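J.: compute the structure for the input listed below.
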Amino acid sequence: MKALAGLLSALSIVVAAWPVPAQTPKQGGVLNLRLREDVPYGFSIHESPTISTMWPAMPCFNNLVLFDPTKRTHSIDGIVGELAERWSWQDNYRTLVFFLRAGVKWHDGMPFTAKDVKSTFDMLREAPDAPARFRLNPRRDWYTNVSEVEAIDARTVVIKLKRPQPSLLAMLASGFTPIFPAHVPPTAYRTGCIGTGPFKLKEWRRGEFVEYVRNLDYFVKGRPYLDGLRYLIIADRGTATAALQLARVDVAFPGETPRPIAERLKSAAPRLIITPVNTSVIDHLILNVQRPPFDNVKVREAVSRAVDRGAWSQALYQGGAVSGGAMLPKPYGVWGLVDKDLRALPGGGTPSEEKTKARRLLAEAGFGERTPLKIKMLTRGLPAFVDMASFVVSELKRVGVDVELAQMETVQWEALKTRGDFTLGTDRTGIEPDDPDAVFYENFGCGSPRNYSRYCDDAIARLIDQQSQELDSAKRLALVQEIQRRLETAAVRPILGWRLDYFAAWPYVKNLVPHHSIYSWGRLQDVWLDK
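T.: Residues are numbered from 1 along each chain as shown. Take a look at the predicted model:
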């Protein structure tokens, strides 16, 4: 306790209360939701890079902290406590202390303690003495700056860092950062779920549905309001649209209602509430720089310049998308590049000029009419991904690139990218949270499992470390924008743009606030039904 007393001296304690509903909620009822595919990684959020896992798994879990579910934009100022009752920084953002809630139980009746928090983060950062290892660990590089996680006592956890990193709290508030129990092996989450969350898993019938019931022992008094949740697996977009239109499901799947579908829904069912929000998901290409021809920057730049971003937005989303770099653009985020910068980057000029430059670059690399570049492009076997890939194929053919398109199942797709077993791909990537540390270390860090392009630049790596510990917000913004410009110039993951979602829900669904990120608002403990 002496060590704890020293640790707590001169601390500034943060207490962020859970938001109170504006209306008096009704208790009871089952919320029906749609899944676009069967749960690809079970309920193992820590092993998954996709919303297809997070959305149906979030009700089972809690984080230490979470982005306020009532606020559309995610920020450090909009973080509330979950398993952590209070928290505080000390030592100039080198130590983060969490004080945990008392009386919290796992769904199997075991008590929640600091041991569970330490176990979770030791596995995530792959500490030598971690109790187990995840089969996949897509966000491992979020925690490279963590030197130690210490359970001081049953209700106090200290995370010690190698250098200042204020952004760590934002990463802990992501829906991708639930706490797992120390007494349950991580492999168990591929088929079931033991959490502390507002809902307990009742049944997962593969290919059909996921069903939850209310957790009667939940630590937030009076929550959840619903008796249960039922996620119906509906892969076909037309069938899913009809299910929502007929109120077979009560809300859409986050990120899966582009403007054309929203307009059809509103026409057929005028009472539906349509809310335009960003998705924090980018459509982009991935080019493996360790394989010819993309070890040549001229070929990478040519591919980037060949794709008309404006035509992409119109063809796929009827204009329901916005341009940007690696960070979420304003007004949805705070770190994005301004229009002037975007116009100066590959793909940012007029389409005809960009395609002329693309043909010239290909010719300089040795490709032309008699020796065309022939390449296989992979994508995930979901309709929206195939639509995007088909558009890119047509654009590349216009500059003389001969492309063969192949589709992959979700689980195969993620493993293939991690292995680097591809040359060219079209992909969607969720950017969560809207903070440069999460984005840069996970997607562009040298050696990160999600740096699919295998691109490593020492100068950019130094800039990433520099921005991470910069406490002056204006200086950090300048560094972050410089990093984005360099990444787009290197053309290792050419970004087509950030698509919007027109989230659809029936008006009797109350207190479900869609965010400018499809991640982190699936806890559903505050949702209630007015019918």
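J.: now the helices for the stretch 251-400 of the chain?
T.: Counting by DSSP state H, counting those that start in this stretch, one finds helices in the stretch 251-400 of the chain at the ranges 259-268, 297-306, 309-317, 339-343, 351-364, 383-397.
J.: just name the most buried of those.
T.: Stretch with highest mean neighbour count among the helices of the stretch 251-400 of the chain: helix 297-306 (a mean of 25; mean count of other C-beta atoms under 10 Å). In short, each C-beta sits where N, CA and C put it, glycine included.
J.: by contact count, what packs against that helix?
T.: Counting contacts by 3 or more C-beta pairs under 8 Å, 6 or more residues apart in numbering; DSSP states H and E, helix 297-306 packs against strand 273-287, helix 351-364, helix 383-397, helix 473-490.
J.: now do it, average pLDDT.
T.: Summarised as a single mean, pLDDT over helix 297-306 is 98.
J.: in the chain, what helix or strand scores lowest on average pLDDT?
T.: For the chain, counting by mean pLDDT, DSSP states H and E, helix 2-8 ranks last in confidence among helices and strands (a mean of 49).
J.: next SSE downstream of that helix?
T.: Per DSSP states H and E, helix 2-8 leads on to strand 30-35 as the next helix or strand towards the C-terminus.
J.: what's downstream of that following strand, the next helix or strand?
T.: Where DSSP H and E defines the elements, the next helix or strand beyond strand 30-35 is strand 40-43.
J.: run through the neighbouring helices and strands of that next one.
T.: Strand 40-43 packs on helix 51-57, helix 410-419, going by 3+ C-beta pairs under 8 Å, 6+ apart.
J.: okay, those, which one's buried deepest?
T.: Note that of those, helix 51-57 is the most buried (mean count of other C-beta under 10 Å), with a mean of 24.
J.: which residues does that helix contact?
T.: 33, 35-37, 39-45, 48, 175-176, 178, 193, 210, 231, 253-255, 410, 430, 518-519, 522 (C-beta atoms under 8 Å, 6 or more residues apart in numbering).
J.: host element of residue 118?
T.: Short version, using DSSP H and E: residue 118 is in helix 114-124.
J.: can you tell me what sits against that helix?
T.: 46, 64, 83, 98, 100, 129-134, 137, 139-140, 142-143, 146, 149-157, 159, 178-182, 186.
J.: from the chain's centre, how far out does stretch 225-237 sit?
T.: The chain centroid and the centroid of stretch 225-237 are separated by 20 Å under C-alpha atoms, centre = their mean, to the nearest Å.
J.: buried residues in it?
T.: Neighbour counts over stretch 225-237 (16 or more other C-beta atoms under 10 Å) mark 225, 226, 228, 229, 230, 231, 232, 233, 234, 237 as buried.
J.: those in strands, which ones?
T.: 228, 229, 230, 231, 232, 233 (DSSP state E).
J.: so the fourth one touches residue 208, yeah?
T.: The reference is to residue 231. No - the criterion here is C-beta atoms under 8 Å, and residue 231 misses it with residue 208 at 9.8 Å.
J.: just send the helices and strands packed on strand 40-43 back as CSV, with distance to residue 78 too.
T.: Converted to CSV, these look like this (distance: least, C-beta to C-beta, whole Å):
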stretch, distance to residue 78
helix 51-57, 19
helix 410-419, 30
